[in-house]
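> sharing a sequence plus its predicted fold:
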Amino acid sequence: MNSDLKIPSTNLLDFSNQNKTIMKNFNYLILLLIIGNSFVVSAQNSKQRKADRLYNDLAYVEAVEVYKELIEKDFNTDYNKQQIADSYTKLRRPQDAVVYYEDVVKQPNVSPEYYFKYAQALRGVKRYEESRTWLAKYQESGKNTSDVNEMLSNDMSKIKMKDDYTLEKAKFNSDFSDFGAYEKNGITYLISARNDGMSKSKKIYSWNGEPFLDVYVVNQEMVTPLQGDVNSILHDGPISISNDGKYMYFTRNNLINNKEGKRDKNATNNLKIYRATNQNGSWKDVVELPFNNNDYSVGHPSLSPDDKTLYFASDMPGGKGGTDLYKVEITGDNTYGAAVNLGDKINTSLDEAFPFLTKDNELYFSSNGHLGLGLMDIFKTDLKDTNAEIINLGAPINSSKDDFAYFQKSEVNTGWISSNRDGINDDVYGFNLLKPLVLKGTVSDDVNNQPIPNATIRLMGEDDKQIAFLETDSIGKYQTIISRDTKYPFEAKHIEYTEKSGEISSFDLGTKEELIYDIELSPIPDVEYLAEINNIYFDFDKSNIRPDAARELDKLVELMTDKYPELVIEIGSHTDFRGSDQYNEGLAIRRADATYKYLVEHGVAPERIVAHKGYGEKQPAVECDKCNAKQHQLNRRSMFKVVKMK
């Protein structure tokens with residue numbers, strides 16, 4: 001064999017050793033990768049546990065940031081997007097929640113509950129049609145609650161807006177959450193998370209990263225913490241004060257020795273209602289109401305106008321779902337009757353809260369279970385009427401965000417609401433409930449401005465459906481109440497006039513209480529007589545044109561020469577019953593001729609009067625056997641019939 005084809009044994013040994021070295025290094029690298037991967041997975045698992053712990057501790061602001069870090073590492077992406085979306089919902093930030101829910105609802109095998117959550121978030125950003133689409137998907141999944149049915153079977157035009165408000169942001173708002181403004185005996189109170197260094201509460205609420213809420217007193221530009229023992233280390237407020245100013249009912253977190261929150265079996269720190277007593281301007285002697293419970297929340301107290309009943313919100317067992325509204329009778333000094341649920345007309349499977357009663361026993365409350373403009377809306381109903389509707393107050397009181405804590409000052413139409421419509425935090429807005437706007441006017445003839453009785457006017461809503469049907473009185477007047485800042489298409493009609501349509505606008509009226517809108521109608525071609533010209537009358541057995549008749553004929557001349565140059569008429573003249581038929585026919589012809597001659601002599605072209613007939617006594621204006629002087633006069637007349645008019 002050729003030595004050139006031989007491979008020396010020493011080279012074989014070297015190759016084998018090199019191969020072993022390479023394999024050892026490869027295995028070492030694999031081991032390092034496995035160990036490194038384990039460290040990475042362990043780190044991500046640790047971060048996941050941290051995010052979930054923050055979420056379960058209701059620290060949603062911090063939880064969101066950790067969940068976002070996990071998504072950036074592509075770790076448990078589907079789950080973490082669900083958690084972020086839910087966190088933003090808890091933080092009442094639908095504009096952020098929709099971004100994540102949009103991805104969540106596309107995930108395979110996602111819970112249908114996310115269809116509903118996405119639908120609610122879409123309402124919070126005014127994407128109502130998309131919201132209805134996802135509500136329908138939620139319903140198709142077998143979730144068929146009455147509240148979803150209401151949201152699907154109605155649209156925004158169904159929301160009744162019977163009252164009109166002006167709205168202005170209160171000057172005492174801070175950079176933190178402010179809500180629940182309340183007035184009693186000339187003193188204004190406020191619930192706020194502001195941290196001005198004067199309040200007992202300096203702890204941070206992990207839910208939203210703000211200080212805990214306290215009760216404050218507003219004195220013009222000064223906002224100071226409430227004096228006494230109401231404010232604690234956790235949340236305090238909202239409040240309600242008795243008419244004599246002796247007792248303050250308020251919401252507070254369930255506390256242990258006023259030092260820390262007591263949690264239930266689900267690790268929830270519930271709310272309770274307490275009562276404080278006014279001692280020379282300082283609120284002391286704080287006592288817990290006996291119907292509180294460690295296992296559920298009771299809050300948002302609101303006294304009835306007579307101080308005999310306390311209304312509140314609670315998620316106690318046996319309710320309709322979420323938080324419901326209840327009432328208890330105040331039977332003595334911190335003694336109460338049984339809690340009574342306000343029923344399923346008011347309460348829904350979602351949340352009702354922040355009750356407020358007026359002196360007229362109208363209940364205002366907030367809900368996300370009734371048809372609304374977005375998240376929580378403010379509604380009202382009349383508790384005196386068992387058949388009263390639940391009325392959405394509409395814009396501007398309600399928005400697509402949370403609107404709540406309605407308070408109306410006693411004996412006046414001003415007060416406050418609270419809303420997060422302008423950002424993340426809640427703010428207080430002052431409102432003025434304007435007096436009803438009265439729409440009134442006159443329907444008249446467009447030639448001589450004579451009023452038209454029995455004309456009809458139809459006012460239409462935005463959906464072109466009739467919302468009011470009006471009829472003018474004997475002097476052509478009409479009147480009704482309308483809403484402000486609205487456009488009303490209308491149709492005005494009368495059998496003898498051309499129909500007129502247009503639009504009445506109630507925008508930019510400020511505090512005006514009346515809107516005057518006059519309507520003019522034009523006679524139609526097929527009317528029997530010219531409505532704008534009165535009949536002309538003659539003396540007994542005469543055919544001359546009297547001065548009063550001349551004035552009416554002058555109006556007709558002006559009408560035919562200036563306003564309606566193509567108007568063609570017919571003249572018909574009549575007599576009373578005195579005289580023979582033959583004589584009266586001749587007298588009527590002479591009267592028709594006199595009328596015709598006057599018109600032509602004053603400028604009306606002869607061809608525009610197609611006929612001038614005498615009817616004698618055959619067509620009386622008044623039928624009478626023994627006519628009096630007035631009845632005879634009414635029968636001695638010339639009348640005008642329209643033959644043609646463009």
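Received it, and whenever you're ready, just let me know what you need.
> any idea how far residue 533 is from the nearest residue to residue 539 once chain neighbours are set aside?
Distances taken as Cβ to Cβ, 6 or more residues apart in numbering put residue 546 closest to residue 539, at 6.7 Å, once the chain neighbours are dropped. Any C-beta I mention is one placed from the backbone N, CA and C, and that applies to glycine too. Residue 546 sits 15 Å away from residue 533, taking Cβ to Cβ, to the nearest Å as the criterion.
> ends of stretch 282-300, what's the gap?
End-to-end distance for stretch 282-300: 21 Å, by Cα to Cα, to the nearest Å.
> and what of stretch 404-412?
OK, stretch 404-412 end separation, Cα to Cα: 20 Å.
> so what touches that stretch?
Stretch 404-412 is contacted from outside by 179-183, 238, 353-354, 356, 358-359, 364-366, 376, 378, 393, 397, 414-419, 433, using Cβ atoms under 8 Å, 6 or more residues apart in numbering.
> swap the cut-off to 6 Å and go again
With contacts defined as Cβ atoms under 6 Å, 6 or more residues apart in numbering, stretch 404-412 is touched by 179-180, 182-183, 354, 356, 358, 364, 366, 376, 378, 415-418.
> out of those residues, list just those in strands.
Counting by DSSP state E, the contacts of stretch 404-412 place 179-180, 182-183, 354, 356, 364, 366, 378, 415-418 in strands.
> would CSV of these with pLDDT, neighbour count and distance to residue 310 be doable?
Listed next are the ones in strands among the contacts of stretch 404-412 as CSV, based on pLDDT from 0 to 100; neighbours: other Cβ atoms under 10 Å; distance: Cβ to Cβ, whole Å:
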residue, pLDDT, neighbour count, distance to residue 310
179, 95, 26, 20
180, 96, 25, 16
182, 96, 23, 15
183, 95, 17, 19
354, 97, 28, 14
356, 97, 23, 12
364, 97, 24, 16
366, 97, 28, 18
378, 96, 25, 20
415, 95, 22, 20
416, 96, 22, 21
417, 97, 29, 22
418, 97, 29, 21
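> now for the residues you listed, which pair is the farthest apart?
183 and 366 (18.9 Å; Cβ to Cβ).
> higher neighbour count, residue 546 and residue 533?
A side-by-side neighbour count of residue 546 and residue 533, using other Cβ atoms under 10 Å, places residue 533 first with 21 against 13.
> which non-adjacent residue is nearest that one?
Residue 533 sits nearest to residue 556 (Cβ to Cβ, 6+ apart), 5.0 Å away.
> count of neighbours near the one you found?
Neighbour count for residue 556, taken as other Cβ under 10 Å: 22.
> now do the phi/psi pair for it.
The phi/psi pair for residue 556 (degrees, to the nearest 10) reads phi -70, psi -40.
> returning to what we had before: farthest-apart pair in the contacts of stretch 404-412, please.
Spatially, the most separated pair among the contacts of stretch 404-412 is 183 and 376, at 22.2 Å (Cβ to Cβ).
> ok but residue 438 is inside a strand, no?
Yes - under DSSP: H, G, I helix; E, B strand; the rest coil, residue 438 falls within a strand.
> so how far is residue 407 from the residue lying closest to it once chain neighbours are set aside?
Once flanking residues are discounted, residue 438 sits nearest to residue 514: 5.0 Å by Cβ to Cβ, 6+ apart. According to Cβ to Cβ, residue 514 and residue 407 sit 29 Å apart.
> who's more crowded, those two?
Neighbours were counted for residue 514 and for residue 407 using other Cβ under 10 Å; residue 407 has more, 22 against 12.
> tell me the pLDDT of the more buried one.
Each residue has a pLDDT score; the one for residue 407 is 97.
> how near is it to residue 189?
From residue 407 to residue 189 the distance is 10 Å (Cβ to Cβ).
> so what's in contact with the two at the same time?
Taking Cβ under 6 Å, 6+ apart as the contact rule, residue 407 and residue 189 both touch residue 182.
> how many neighbours does residue 308 have?
As a burial measure, residue 308 scores 10 neighbours (other Cβ under 10 Å).
> go on, residue 232?
Counted with other Cβ under 10 Å, residues neighbouring residue 232 total 21.
> same thing with the one 5 residues further on?
If you count neighbours by other Cβ under 10 Å, residue 237 ends up with 24.
> packing partners for the stretch of helix or strand it belongs to?
Using DSSP states H and E, residue 237 falls within strand 236-241. With contacts taken as 3 or more Cβ pairs under 6 Å, 6 or more residues apart in numbering; DSSP states H and E, strand 236-241 sits against strand 178-184, strand 187-192, strand 214-219, strand 247-253, strand 298-303.
> that concludes my questions; thank you for your assistance.
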